[in-house]
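> fold the following, please.
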Amino acid sequence: MSLANVLIVEDDSYLRSLSLVSFESAGLHVVVATSRAGEAIEAVKRELVDVAVLDLYLGPGPTGIDIADSLRALNPQIGLVFLTSFSDPRLLDSQSELPAGSIYLTKSKISGVREIVTAILRSKHSPLSTKRDQVDDRTLTDNQMQVWRLVSQGMKNSKIAETLGVSESAVEHVIKRIALQLDIELDPTINLRVQLVREFSHRTGQQLPETQ
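You can find the predicted model right below:
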């Protein structure tokens, strides 16, 4: 008898296969391992799934949070474990709110499969009240996080100001505050926007073009 029935939602085929083998070896039963929202939802409709292990970013289309919300609509007691390269879910979207009881694990901080299995079992037994692990301390406000995302997308300060309905000087001030909060040294010889994009890339695991 397996310790838990698990659904894997991961867009990286190698990590998806590795998770399947690792979980099965640890005594879990993987019901489905997929990258597609529809297949994940159908799996929960067809079979008993105790816990869904989801990546946060799955490429164009629904996010891991979108899928988790759909799974909870089908099964309000399903456990949710997010296993992602994003150090904070707000790096994906300022409106990214984790469903109740979600456990959040950052891939770069995982010491081994045992840590993930432990989180899965905790989520199975307490799907709505588990602690959110490994989300970085919230040193940035939602507004600062939004500006940081727009900078990482290559948007100029003037366009960010227009988008947010604020002055360009206000945007410049927020950018400097972000750098201070992230302990990025304010060196006039180094392009601060490039440093912010590099840090964003590091904290999301995404390769981004460097802004000028």
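> could you use CA atoms for every contact and neighbour count after this?
Fine.
> per-domain residue ranges of the chain.
Each structural domain of the chain that the record assigns through automatic domain parsing is listed here as a residue range: 5-125, 142-204.
> end to end, how far does the longest one reach?
Here the two ends of domain 5-125 are set 12 Å apart, with distance taken as CA to CA, to the nearest Å.
> which residue packs closest to the residue positioned nearest the centre of the chain, ignoring adjacent ones?
In the chain, the C-alpha closest to the average C-alpha coordinate belongs to L56, at a distance of 3.8 Å (CA atoms, centre = their mean). By the measure of CA to CA, 6 or more residues apart in numbering, the closest residue to L56 outside its immediate chain neighbours is G64, 4.4 Å from it.
> gap between that neighbour and K176?
G64 sits at a distance of 31 Å from K176 (criterion: CA to CA).
> cool, P76 as well?
Distance of P76 to K176, computed by CA to CA: 42 Å.
> cool, and L98?
Counting by CA to CA - L98 and K176 are separated by 28 Å.
> re the thing from before, wait, a strand at the residue nearest to the centre of the chain?
No: judged by DSSP: H, G, I helix; E, B strand; the rest coil, L56 forms no part of a strand; its state is coil.
> quick one, what contacts it?
For L56, the contacting residues are T63, G64, I65, F82, L83, T84, F86, P89, taking CA atoms under 8 Å, 6 or more residues apart in numbering as the criterion.
> can you pull out the strands in the chain?
Under the criterion DSSP state E, strands of the chain are mapped to 5-9, 29-34, 51-54, 79-84, 103-106.
> using CSV, lay out those strands together with mean neighbour count and mean pLDDT.
Output for those, formatted as CSV (neighbours: other CA atoms under 10 Å; pLDDT from 0 to 100):
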stretch, mean neighbour count, mean pLDDT
strand 5-9, 24, 98
strand 29-34, 20, 97
strand 51-54, 26, 98
strand 79-84, 28, 96
strand 103-106, 24, 94
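> would you mind giving those as CSV with distance to T163 added?
Rendered in CSV, the data for these read as follows (distance: least, CA to CA, whole Å):
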stretch, distance to T163
strand 5-9, 33
strand 29-34, 36
strand 51-54, 31
strand 79-84, 29
strand 103-106, 30
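> nearest to R149, out of these?
Nearest to R149, of all the strands of the chain, is strand 79-84, at 17.4 Å by CA to CA.
> tell me what the closest one is packed against?
Taking 3 or more CA pairs under 8 Å, 6 or more residues apart in numbering; DSSP states H and E as the contact definition, the neighbouring helices and strands of strand 79-84 are strand 51-54, strand 103-106, helix 113-125.
> relative to L164, how far out is the residue nearest to L56?
For G64, the distance to L164 equals 26 Å [CA to CA].
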